[in-house]
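**Q** I would like to see how this sequence folds:
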Amino acid sequence: MEELEKEFMEFLSNAARIQGMDSSIGAIFGALFMEPEELSMEELAKKTGYSTASICVKAQMLEPFGFIKRVKKPHTKKAFFCAEKDFCKIIKSTLIFKQQSAIRLAKEKLPQLIQKYKSRKLSDCQKKKLGLIERYYEDVLGFEIIINEIVEKIDKKEKNGKKTK
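**A** Just a heads-up that it's a prediction; the model follows:
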């Protein structure tokens, strides 16, 4: 493996670890990012030093966020992967995933939970806890607005970038 590729994979491994993820996720993404073509799981295992089983598990974590894509090739049952190379698309898909999962769940469940306990007689301690939940819900709604603004800005950047190319 060439030095540039190795150093970039180390950078992404550290970035993943700093964000509370397994460093192998960064290394796997880095190996795929540096390749112009898709890699089989076996090739990815050779490049990273991780087992194919480990790569399979990590790929399942990276795919929903849009970091990597599984590619089907005709006449083979092998799994191939490629990385998304556009950082803005990665961020956008991560934010949309967050919005469609955690934020949607909060919007579905928390108003009911808050309403249920607002109508009850609560101790001062329970009122404080309910207040924390209400503030959490307000923060979630505020974060959703921020996500929408960021996604709009990314869309605008992508649109403007296509005009100049």
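**Q** for the lengthiest helix in the chain, name the packing helices and strands.
**A** If you go by DSSP state H, the chain has its longest helix at helix 124-164. Other helices and strands packing on helix 124-164, by 3 or more C-beta pairs under 8 Å, 6 or more residues apart in numbering; DSSP states H and E, are helix 87-98, helix 104-118. Bear in mind the C-beta positions are built from the backbone N, C-alpha and C, glycine included.
**Q** relative to helix 87-98, how tilted is that helix?
**A** 150 degrees (axes from the mean of the first three to the mean of the last three C-alpha atoms, to 10 degrees).
**Q** quick one: average pLDDT of helix 124-164?
**A** Averaged over helix 124-164, pLDDT sits at 91.
**Q** checking the residue of the chain most remote from its centre next. Helix, strand or coil?
**A** Going by C-alpha atoms, centre = their mean, the residue of the chain most distant from its centre is Lys121, 40.8 Å out. Using DSSP: H, G, I helix; E, B strand; the rest coil, the structure places Lys121 in coil.
**Q** can you report phi and psi for it?
**A** Here is the backbone geometry of Lys121 (degrees, to the nearest 10): phi -80, psi 120.
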